[in-house]
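Student: Let's see this in three dimensions:
(2 chains)
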Amino acid sequence: MKTGRNIIIIAVLLAVAIIIPFIANNFFIRFFTTVLMFGVLASAWNIIGGYTGYASFGNVVFYGIGAYVTAVLMEKFGVSFALALPAAGIGAALFGVVIGIPVLRLRGHYFAIATLGVAEAMKALVNNLDITEGNSGIYLPIMDMSVKAQYTFFYFSMLALLILTLGVTFIILKHKFGYGIRAIREDEDAANMVGINTTLFKIAAFGLSGLFTGLAGSLAAYQQGFIKPEAVFSVEITVKMIVMAVFGGIGHLFGPLLGAATIEVISEFLSNYFLVAHTLFFGAIVILAIIFTPKGIIQLVSGEKKLTKNFFLENIREHKV
Amino acid sequence: MSAQVSSKQPILRGEGISKFFGGLAAVSDVDFELYPGEILGLIGPNGAGKTTVINMISGAYTPSKGRIFFKEKDITGMKPYQIAHLGISRTFQVVKPFKGMTVRENVSVGAMFGAKGRERSAKEAIEAADEVLEFVGLADMADKPADSLNVASRKRLEVAKALAMGPEVLLLDEVMAGLNFGEIDKAVELILKVRESGVTILVIEHVMRAIKAITDRIFVLRHGVKIADGPPEEVLNDEEVIKAYLGRRYKELVG
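Tutor: Numbering: from 1, shown residues only, chains lettered A, B, ... in the order given. Okay, here's the model as predicted:
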């Protein structure tokens, strides 16, 4: 029954998503493309942060690497986007594997700080390399398409990437790998004792998170046509994906996407009506959400919990607010 | 009972194993053998080094000195997951359930990644987990979150996870601590049932009535040193053991 209902909901959402570019204007197509992108970023973060339990504060590094691999390959080596895109994803994934070997030895806050450091270091490196044209930024080749066609292209590419990210995550969760990383999240020592090669699993999860984030970075870079290190390695992007994932519900397949959509809509709305104070309101909404629905608003949307006084009281008690 | 303990090769053997923490010798120069099919009790006062021995066998600690052999294969210094794949499973004194997962998922993880994990698909592992849950008597709670269980059930879940891995040797670290008499009797029954299924067991326990009921042989640690090794009646009447561990009044109490 429940799976049947879920399939219907997904089908409806997908149908709406496919129709949007044919009825919406460019502004909305672009807006929804951003929603989809953050859906990918937050969902990719969910693999390492939500399911494996390693809160990465440097996932933007994959985004930046994806963007710069794409820019450098296309601009300096004349590679087509069709090749640059997978190269960006694979490059980010490999970086995740290589950097994961040392940093995934750390746990908790130490892992968070180390990943933050990795992202900042990569920003500094890209800022100072010749091949990336340093801090002046780098242009990407211009697409030979009408504006509307470009917007539609990126919209559908991002939608496809989101479906890929969620699809792969869904499959993982049904297989041993999914059980393994969730066991690591719950108790890493116990996971090791039941025969899970925890190092391998953590690195694979980090690499996978890097893959999807890198692909999103690649698409975003090509769409923007010009990228700078400050922008694509911005801590703000990491914070945003984490807030979205937590807001929506970490460790839930659709939680991060829901969080991304809700937060993008809220912040768009707020910045329209409150030009100066919108970040203040936004902060207040996030704080309230964390206090009242610490496990994410997906719990309410999916009907797992009912929106009653008791639900809030339970959460408040549990978190000793 | 001791008829089952043949003169066969030991399945698990420790040779002069020691573990130092800084200047403290938690375990020093301990030899032990575990024979196929037996239940070996490991007892001793708090801080004697019992859990450290299990930690060394299961790979959580690497021995500072000495070697450990599993079926004559040297496993000293191997990683916990590698040792688990060979067929040694353990439980934790302070239970470590995967809290955010259901009871069935907890046991499934054991079935997926333990010694028999490789030959099972995820789906087969879940089926195997259900069988183990039936075996240990937790089938009714399969869909409950692991952290909703009471102490006795958590201990049982700990055993179920270890069993689902398909071990040849099971290391039980105080699975009866905190249980009431009725629950202890059930746990004793369960451990005997596990042995009947062909698993060799090393058990750390403080509960004397359980130790007497299940073990074929006991070895005793004090301050990290082995002070006795033999059949339960003999060891539990050993003057040194009584003084070291059970207290002078043990005999009066037990009669």
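
Student: Give me the spatial nearest neighbour of residue B:116, chain neighbours excluded.
Tutor: Computed as C-beta to C-beta, 6 or more residues apart in numbering or on different chains, the closest residue to residue B:116 that is not its neighbour in sequence is residue B:166, at 3.1 Å. C-beta here means a position set from N, CA and C on the backbone, and glycine is covered the same way.

Student: I misspoke; the intended subject was residue B:115.
Tutor: Nearest in space to residue B:115, with sequence neighbours left out and distances taken as C-beta to C-beta, 6+ apart, is residue B:87 at 4.1 Å.

Student: next one: phi and psi at the residue nearest to residue B:116?
Tutor: phi 70, psi 50 (degrees, to the nearest 10).

Student: Contacts only, for it.
Tutor: If you count contacts by C-beta atoms under 8 Å, 6 or more residues apart in numbering or on different chains, residue B:166 has them with B:87, B:111, B:114-117.

Student: Can you tell me which of the residues you listed is nearest residue B:212?
Tutor: Nearest to residue B:212 among the contacts of residue B:166, counting by C-beta to C-beta, is residue B:87 at 28.1 Å.

Student: still on that earlier bit, got a list of what the residue nearest to residue B:115 touches?
Tutor: Counted by C-beta under 8 Å, 6+ apart, residue B:87 has contacts B:70, B:115, B:166-169.

Student: now residue B:143
Tutor: Applying C-beta under 8 Å, 6+ apart, the residues contacting residue B:143 are B:102-104.

Student: Okay, helices next: where are they in chain B?
Tutor: B:50-58, B:80-86, B:103-113, B:122-136, B:151-164, B:181-196, B:208-214, B:232-236, B:239-241, B:250-254 (DSSP state H).

Student: and residue A:3, which of the ones you listed is closest to it?
Tutor: Closest to residue A:3 of the helices of chain B is helix B:122-136 (C-beta to C-beta; 16.3 Å).

Student: related to what we said a few turns ago, now the contacts of residue B:87 in a markdown table, please, with extra columns for distance to residue B:17.
Tutor: Listed next are those as a markdown table, based on distance: C-beta to C-beta, whole Å:
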| residue | distance to residue B:17 |
| --- | --- |
| B:70 | 13 |
| B:115 | 22 |
| B:166 | 26 |
| B:167 | 20 |
| B:168 | 20 |
| B:169 | 16 |
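
Student: Let's see which of these end up in strands.
Tutor: Counting by DSSP state E, the part of the contacts of residue B:87 found in strands is B:70, B:169.

Student: And the contacts of residue B:87, which two are furthest apart?
Tutor: Most distant of these, by C-beta to C-beta, are B:70 and B:166, 14.7 Å apart.

Student: Quickly name whichever of the contacts of residue B:166 is closest to chain A.
Tutor: Of all those, residue B:114 has the smallest distance to chain A: 4.8 Å, by C-beta to the nearest C-beta.

Student: List, one by one, the residues from the stretch 51-200 of chain A near chain B.
Tutor: Proximity of the stretch 51-200 of chain A to chain B (C-beta under 8 Å from any C-beta of the partner chain) is limited to residues A:174-176, A:179-180, A:182-183, A:185-187, A:189-198.

Student: Please list only the buried members of those.
Tutor: Applying a neighbour-count criterion of 16 or more other C-beta atoms under 10 Å in any protein chain shown, the buried members of those are A:176, A:179-180, A:182-183, A:185-187, A:190-198.

Student: Filter those residues down to the ones in strands?
Tutor: Going by DSSP E, the strands hold none of those.

Student: Count the residues that sit near the closest residue to chain B within the stretch 201-321 of chain A.
Tutor: Nearest residue of the stretch 201-321 of chain A to chain B, counting by C-beta to the nearest C-beta: residue A:251, 7.4 Å away. A count of nearby residues for residue A:251, using other C-beta atoms under 10 Å in any protein chain shown, gives 19.

Student: Repeat that for the one 10 residues further on.
Tutor: Residues contacting residue A:261 under the criterion other C-beta under 10 Å number 19.
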